[in-house]
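1. no FASTA, just this:
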């Protein structure tokens, strides 16, 4: 290769490096673009909002009309077409538990998951238990009648007892600080009481679940938690509608 | 002190197979204990009192349950070799999303294919094939779901390959005809020793499933 050609190649390479540096600096100055596509009263969407607030991340919340799904939702979550979806610099992440772990890995402040692999596995296990077992048993109790309702309530309370033991003697499920599992279980203080009211049942009695009640007070005391809560009337109206579909 | 690793397992369990593949990928020596599903051992009941199911990984006496949680645990503890999840957070999120899809959609629709008959089975088969096609679209022209490297999503799904013959026979369809790229991917994975030594023979699984189906019919 001639000397001039070599010089030209080096110069072109240096230009590419410089332009890349300028682009990345401008991106950094612009900051991350974070959007959340979510519902108004969804217990899954609020987890994502809480996680972002805990990390001090600014975001835009785009309220989705779930009866008339937007092109952006369908494009961002073509598999399920559901909320929440996190859009980070244009890239879409779906499923609330997946989003929580993504947020934790990108923004390192106020870690949500523990560092220790065994503790992380335990947090993931109980999050799955909460989302798959507790919620489905509560729903069953909600929609059931008579003897079936009584049995479903007992079953739901057995699962809630297992959760109770996880927070016994602790301020939060995560220990001294709020963490991943707290955000996953956090539908209990607000949404469960609405489900109990509309479903005409009592699941979380204070004398049977003193640790969860104490955790609820610690959790609801946090200002940024309260900021995202939907109006209780909206939540009650939603579950009223759910009960009507059960009965129908 | 050397690690003590025990796996409570059942030979035909797709969930158990995932853990076997992950341990093999990392080259981890372990003691496998075969469970009798009709007579679960005191050790299993002690180590997984919540669900009483396997697989359970017991690492230095401490239990880890749920197959995908176990695979992530293995990846985090033995992080110095054969990474199973990508390092980039967005790619990791995609991997977790698809593994979760496989757990939520494939197992239940597959269940309907081999446990039911008539209209219910047809509906299950339709759902199963739709889900297979969704996965095939996600795979695209990549050699593995993770791209060039075999990883988390491949581990989550390749275990179904051992059950394909059972699904195909009871559901009356051919995976190769419906999703040729997916079958090619499965065969590519089976070329890896960590996979071929961890998955049972398809015919043996079929015989097991046939027995289980008769039991369900009798009940």
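-> Noted; the coordinates are in hand. Worth saying up front: this structure is predicted, and the values here are computed from it rather than measured.

2. Flag the shaky bits of chain A, pLDDT-wise.
-> A:1, A:12-13, A:15-30, A:247-248 (pLDDT under 70).

3. Alongside chain B, which residues does it contribute?
-> A:79, A:88, A:91, A:93-95, A:97-99, A:101-102, A:105-106, A:117-118, A:120-121, A:124-125, A:128-129, A:162 (CB under 8 Å from any CB of the partner chain). (Each C-beta comes from the backbone N, C-alpha and C, glycine too.)

4. Narrow the residues you listed to those in strands?
-> Residues of the residues of chain A next to chain B located in strands (DSSP state E): A:88, A:91, A:93, A:94.

5. Reformat these as CSV; add distance to residue A:158 and neighbour count.
-> Shown next, in CSV, are these (distance: CB to CB, whole Å; neighbours: other CB atoms under 10 Å in any protein chain shown):
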residue, distance to residue A:158, neighbour count
A:88, 39, 21
A:91, 41, 13
A:93, 34, 27
A:94, 31, 24
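
6. Out of these, which comes closest to chain B?
-> residue A:93 (4.6 Å; CB to the nearest CB).

7. mind listing the strands for chain A?
-> Counting by DSSP E, one finds strands in chain A at the ranges A:34-38, A:60-63, A:85-88, A:91-94.

8. what's the domain layout of chain A?
-> Here the domain parsing of chain A from automatic domain parsing is A:32-106, A:117-247.

9. ok, now how distant is residue B:39 from residue B:10?
-> Distance, residue B:39 to residue B:10, by CB to CB, to the nearest Å: 12 Å.

10. again with residue A:153
-> From residue A:153 to residue B:10 the distance is 33 Å (CB to CB).

11. Looking at these two, which is more packed in?
-> When residue A:153 and residue B:10 are compared for neighbours, residue A:153 comes out ahead with 20 against 17, by other CB atoms under 10 Å in any protein chain shown.

12. I figured that one hits residue A:203, correct?
-> Yes. In this structure, residue A:153 is within contact of residue A:203 by CB atoms under 8 Å, at 6.3 Å.

13. any shared contact partners between these two?
-> With contacts taken as CB atoms under 8 Å, 6 or more residues apart in numbering or on different chains, residue A:153 and residue A:203 have residue A:141 as neighbours in common.

14. need the contact list for the residue positioned nearest the centre of chain A.
-> Nearest to the mean C-alpha position of chain A, by CA atoms, centre = their mean, lies residue A:47 at 2.7 Å. When contacts are counted by CB under 8 Å, 6+ apart, residue A:47 touches A:84, A:96, A:99, A:100, A:183, A:184, A:186.

15. cool, residue B:199 as well?
-> Shown in contact with residue B:199 (CB under 8 Å, 6+ apart): B:17, B:21, B:158, B:159, B:161, B:162, B:190.

16. Could I have the buried ones of the residues of chain A next to chain B as PyMOL selection syntax?
-> What follows is the PyMOL syntax selecting those of the residues of chain A next to chain B that are buried according to 16 or more other CB atoms under 10 Å in any protein chain shown:
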select buried, chain A and resi 88+93+94+95+97+98+99+101+102+105+106+117+118+120+121+124+125+128+129
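
17. Please narrow the residues of chain A next to chain B to those residing in helices.
-> Per DSSP state H, helices hold the following members of the residues of chain A next to chain B: A:97-99, A:101-102, A:105-106, A:117-118, A:120-121, A:124-125, A:128-129, A:162.

18. Give me every residue in chain B that's in contact range of chain A.
-> B:50, B:59, B:62, B:64-66, B:69-70, B:72-73, B:76-77, B:89-90, B:92-94, B:96-97, B:100-101, B:134.

19. of those, buried ones?
-> Among the residues of chain B next to chain A, those classed as buried by 16+ other CB under 10 Å are B:59, B:64-66, B:69-70, B:72-73, B:76-77, B:89-90, B:92-94, B:96-97, B:100-101, B:134.

20. Give me the subset of the residues you listed that lies in helices.
-> Those of those lying in helices (DSSP H): B:69-70, B:72-73, B:76-77, B:89-90, B:92-94, B:96-97, B:100-101, B:134.

21. excluding its backbone neighbours, what's nearest residue A:202?
-> residue A:196 (5.9 Å; CB to CB, 6 or more residues apart in numbering or on different chains).

22. burial of the one you found, as a residue count?
-> When neighbours are counted by other CB under 10 Å, residue A:196 registers 17.

23. so who does it touch?
-> Contacts of residue A:196 (CB under 8 Å, 6+ apart): A:202, A:203, A:204.

24. What is the burial count for the last one?
-> For residue A:204, the count of nearby residues is 20 (other CB under 10 Å).

25. Against residue A:128, how distant is it?
-> From residue A:204 over to residue A:128 the distance is 21 Å, taken as CB to CB.

26. before we move on, what about residue A:206?
-> For residue A:206 relative to residue A:128 (CB to CB), the value is 27 Å.

27. repeat for residue B:51
-> Using CB to CB, residue B:51 is found at 10 Å from residue A:128.

28. Chain B: helices as residue ranges?
-> B:14-26, B:42-47, B:67-77, B:89-101, B:107-115, B:118-139, B:152-158, B:164-171, B:175-178, B:180-190, B:193-196, B:202-218.

29. Now find how far off-centre the third one is within its chain.
-> Looking back up the chat, that one is helix B:67-77. In this view, helix B:67-77 has its centroid 13 Å away from the chain centroid, taken as CA atoms, centre = their mean, to the nearest Å.

30. and if you look at the last one?
-> With CA atoms, centre = their mean as the basis, helix B:202-218 stands 18 Å off its chain's centre.
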